[in-house]
Every structure is written in structure tokens, then in C-alpha cells.
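>>> what's the 3D shape of this:
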Amino acid sequence: MFIGIDVRHEFADDWHRFVNTTADNTELKLSISKDMLPFFAANKNVEASELSISATKKDAADRNGIPFNSGQTLAGDKTQPKNINLFIATIPDLNTDITETNDLNYSIQMVKMDAIALESMFVMVKYRLTHL
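Numbers count the residues shown, from 1 in each chain. As a prediction, this is how the structure comes out:
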């Protein structure tokens, strides 16, 4: 199962600080709680196994990858049409339980120049359910 999160809208205040920073480096802290999941997950154990981050840039012609978290890159697909500028990274092997008291916490760190170039960001969390 998957849940998609529009970071710009679901974490609006954090997103605003992230892309409007005055510091040289910026950090976006995401805390994905169980109440963000569909209702049918309420009485189940939830294990997040993978996180995918997708981002778009304000400048559609800018095809350069977006480095983040010291060594990871949101990579673009050079075969995409020129008017599409989607950059994607996958973080596998999360193996994190999401409970009423334990959120999935993930931080995205990048330099100011890369953050202010972003137009939007989406996070896709892959998870599985088991009975309590």
C-alpha cells in the first residue's frame, strides 16, 4: 500500500521555511503520523518500508539533479519532455513502525540555492498492514 503526501500543502509552514530560508543550508523535517493514513489502518500495525521523494523545479529547463542529505540526489530523467522536470529519489529499507506514539520522521537537508529552486515536493510512503 502507498500513501502520497503533497509536502507543500500538508506541511505548509515547514515548506515555507524550507524554501524561504536565509541560512546557507536548510532542513525540512517531515513527521508522518498514523492519523495521516487511511481510516482502515487505524486498528492495524503499520510498517513503513520505503519512502520516495519527487520534486519539481520552478525552472522547467533546469535538468540538474538536486543533491540532499549528504550524498543522495533527486535525479531527473533526461528522456522526459522538456516541459516536465520531475526529480525522484527512493529511500529503501526504512522498516519503521508507525503507531499512535511513533511517527515516521524523515529530514531532508539541502543547500539554500537548491531549496529555493523547488516548486513542489511529494512524498510517497510504501507501507504494509498487519493485524494487532
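
>>> For residue 75, give me its contacts.
65, 87-89 (Cβ atoms under 8 Å, 6 or more residues apart in numbering). (Glycine included, C-beta is placed from N, CA and C.)

>>> Which members of those are the farthest-apart pair?
Spanning the widest gap among the contacts of residue 75 are 65 and 88, at 10.0 Å by Cβ to Cβ.

>>> Paired strands for the lowest-mean-pLDDT helix or strand in the chain, with orientation please.
Each helix and strand of the chain was given a mean pLDDT (mean pLDDT, DSSP states H and E); the minimum falls on strand 72-76 at a mean of 91. Note on strand 72-76: by DSSP bridges, its sheet partners are strand 66-68 (antiparallel), strand 86-91 (antiparallel).

>>> ranges for the strands of this structure?
Secondary structure of the chain (DSSP state E): strands located at 2-6, 25-32, 44-57, 66-68, 72-76, 86-91, 96-98, 104-111, 118-131.

>>> Comparing the strands paired with strand 72-76, which comes out most buried?
Highest mean neighbour count of those: strand 66-68, a mean of 20 (counted as mean count of other Cβ atoms under 10 Å).

>>> where are the low-confidence patches of the chain?
Across the chain, residues meeting the criterion (pLDDT under 70) sit at 78-80, 82-83, 132.

>>> which helix in it runs the most residues?
Counting by DSSP state H, the longest helix found in the chain is helix 12-19.

>>> then it to PDB, C-alphas only?
Only the C-alpha atoms of helix 12-19 are listed here, as PDB (Å, rounded to 0.1, in the frame of the first residue of the first chain):
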ATOM      1  CA  ALA A  12       2.800  24.200   4.500                       C
ATOM      2  CA  ASP A  13       4.600  26.100   7.300                       C
ATOM      3  CA  ASP A  14       7.600  23.800   7.200                       C
ATOM      4  CA  TRP A  15       7.700  24.000   3.400                       C
ATOM      5  CA  HIS A  16       7.600  27.800   3.500                       C
ATOM      6  CA  ARG A  17      10.600  27.900   5.900                       C
ATOM      7  CA  PHE A  18      12.500  25.400   3.800                       C
ATOM      8  CA  VAL A  19      12.300  27.300   0.500                       C
END
